[in-house]
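Chemist: Got a sequence here, can you build the structure:
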Amino acid sequence: MADQAEGTAGKMGAGRAAVIGLGSMGFGMAQSLLRAGLDVAGCDVGAAAVERFVAAGGRGAASPAQAAEGADMVVSVVVNAAQTEAILFGPSGVAETLPEGAVFISSATMDPDVARSLAARLEATGRHYLDAPISGGAQRAAEGALTILASGSPAAFAKAKPALDAMAAKLYALGDAAGQGAAFKMINQLLAGVHIAAASEAMAFAARQGLDLKKVYEVITASAGNSWMFENRMPHVLDGDYTPKSAVDIFVKDLGIIQDMARSAKFPVPVSAAALQMFLATSAAGMGRDDDASVARLYARITGTKLPGEAG
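Modeler: Numbering: from 1, shown residues only. The predicted structure is shown next:
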């Protein structure tokens with residue numbers, strides 16, 4: 001991990017921020033904060049990511065606790081609730097050093113009940129918690145054009161405003177307590193996962209029919225059967241390139257959370273359950289870390305169908 005290093009940003013007095021998690025989303029969000037004039041410290045489990053952020057004008061931090069020292073706001077951009085809890089309350093966690101009255105902005109997708117629990121624990125220490133899942137992908141993160149689905153106290157929103165203004169093109173204020181943002185994000189993820197699975201099924205079925213897949217893409221994106229996920233993900237199938245933009249295992253996690261929520265509520269969700277099984281099968285076939293459009297590859301492999309870049 002890189003040692004703390006002075007960067008060139010933050011001289012405009014817009015506030016002091018930290019970003020924990022400098023992956024494809026977090027790095028772009030940290031860049032957006034820098035552009036807005038904030039003094040930003042970055043922390044990641046990978047030293048190379050921190051060094052890249054320092055080269056971009058930020059400061060490096062060796063731990064979440066170091067990154068949070070003196071911060072007005074901490075943006076957590078990690079995968080799940082367990083990582084969020086570790087960043088907050090684990091060894092060298094944010095809660096050791098974050099100043100009283102500062103805000104922790106949680107962007108991980110998680111069960112709403114867990115978001116409420118984490119918020120209660122942090123707020124009991126005199127800090128604020130903003131439940132703020134994100135949508136939009138790496139490019140929009142880098143452009144400061146994310147959609148943020150946020151809920152929390154008015155004080156949390158007020159403290160987080162400089163960061164939210166820098167990172168979001170659309171900010172939805174969804175309630176005055178943590179958990180509402182997480183619940184909205186899970187509805188989005190239900191639809192997103194189902195749409196990817198359906199798009200993958202349709203494209204693989206089209207290949208089995210011997211159709212020109214580029215023409216299929218052209219026709220569907222101009223027709224009623226189109227979805228944002230079809231339009232965004234199926235070019236990966238056309239190119240035979242499954243370098244992950246969003247991995248299969250993300251939807252194993254998220255659709256799994258939806259099943260847990262639905263079971264607790266005694267609410268049937270059979271369509272998302274079927275989609276989860278396709279993501280699970282794709283992961284079990286060794287593609288869990290590949291792009292989530294790999295569901296199409298699973299369909300192709302089990303039916304002997306030829307897709308671009310794949311042996312048929």
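Chemist: Which parts of the chain are helices?
Modeler: Assigned by DSSP state H, the helices in the chain fall at 24-35, 47-55, 64-68, 81-89, 112-123, 137-143, 154-167, 180-208, 213-221, 228-239, 248-265, 270-282, 295-303.
Chemist: Looking at those, which is nearest to residue 310?
Modeler: Judged by C-beta to C-beta, the one of the helices of the chain that comes nearest to residue 310 is helix 295-303, at 6.0 Å. Bear in mind the C-beta positions are built from the backbone N, C-alpha and C, glycine included.
Chemist: and that closest one, what's its mean pLDDT?
Modeler: Across helix 295-303, the average pLDDT comes to 98.
Chemist: Please apply the same query to stretch 109-124.
Modeler: Here the average pLDDT along stretch 109-124 is 97.
Chemist: which residues touch it?
Modeler: Residues outside stretch 109-124 that contact it (C-beta atoms under 8 Å, 6 or more residues apart in numbering): 80-81, 84-85, 88-89, 95, 104, 106, 128-129, 131, 133, 152-153, 177-183, 185-186, 189, 253-254, 257, 260-261.
Chemist: and if you look at stretch 245-258?
Modeler: Here stretch 245-258 has contacts from 24, 79-80, 109-111, 137-138, 186, 189-190, 192-193, 196, 236, 269, 272-273, 275-276, 279-280, 282-283, 287-292, 294-295, using C-beta under 8 Å, 6+ apart.
Chemist: ok, now stretch 19-28?
Modeler: By C-beta under 8 Å, 6+ apart, the list of residues contacting stretch 19-28 reads 29-30, 33, 40-44, 46, 49-50, 52-53, 64, 67, 74-78, 87, 94, 107, 134, 137-143, 245.
Chemist: Out of the contacts of stretch 109-124, which end up buried?
Modeler: Buried by 16 or more other C-beta atoms under 10 Å: 80-81, 84-85, 88, 95, 104, 106, 128-129, 131, 133, 152-153, 177-183, 185-186, 189, 253-254, 257, 261, out of the contacts of stretch 109-124.
Chemist: picking up where we left off before, quick check on the contacts of stretch 245-258: which are buried?
Modeler: Using 16+ other C-beta under 10 Å, the buried ones in the contacts of stretch 245-258 are 79-80, 109-111, 137-138, 186, 189-190, 192-193, 196, 236, 269, 272, 275-276, 279-280, 282-283, 287-288, 290-292, 294-295.
Chemist: Can you tell me which helices and strands the worst-scoring helix or strand of the chain on mean pLDDT packs against?
Modeler: Using mean pLDDT, DSSP states H and E, the weakest-scoring helix or strand in the chain turns out to be helix 137-143, at a mean of 92. Applying 3 or more C-beta pairs under 8 Å, 6 or more residues apart in numbering; DSSP states H and E, we find helix 137-143 packed against helix 24-35.
Chemist: what's the distance between the helix it packs on and the middle of its chain?
Modeler: Distance of helix 24-35 from its chain centroid, counting by C-alpha atoms, centre = their mean, to the nearest Å, is 13 Å.
Chemist: From residue 127, how far off is the closest residue to residue 281 other than its chain neighbours?
Modeler: Computed as C-beta to C-beta, 6 or more residues apart in numbering, the closest residue to residue 281 that is not its neighbour in sequence is residue 298, at 5.7 Å. Using C-beta to C-beta, to the nearest Å, we find residue 298 at a distance of 44 Å from residue 127.
Chemist: if I pick residue 81, what's in contact with it?
Modeler: 108, 110-111, 114-115, 118.
Chemist: can those go into JSON lines with extra columns for distance to residue 203?
Modeler: Below are the contacts of residue 81 laid out as JSON lines (distance: C-beta to C-beta, whole Å):
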{"residue": "108", "distance to residue 203": "30"}
{"residue": "110", "distance to residue 203": "31"}
{"residue": "111", "distance to residue 203": "31"}
{"residue": "114", "distance to residue 203": "35"}
{"residue": "115", "distance to residue 203": "35"}
{"residue": "118", "distance to residue 203": "39"}
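Chemist: tally of neighbours for the nearest residue to residue 42 once chain neighbours are set aside?
Modeler: If you skip the residues right next to it in sequence, residue 42 has residue 53 as its closest partner in space, 4.0 Å away by C-beta to C-beta, 6+ apart. Using other C-beta atoms under 10 Å, residue 53 has 28 other residues around it.
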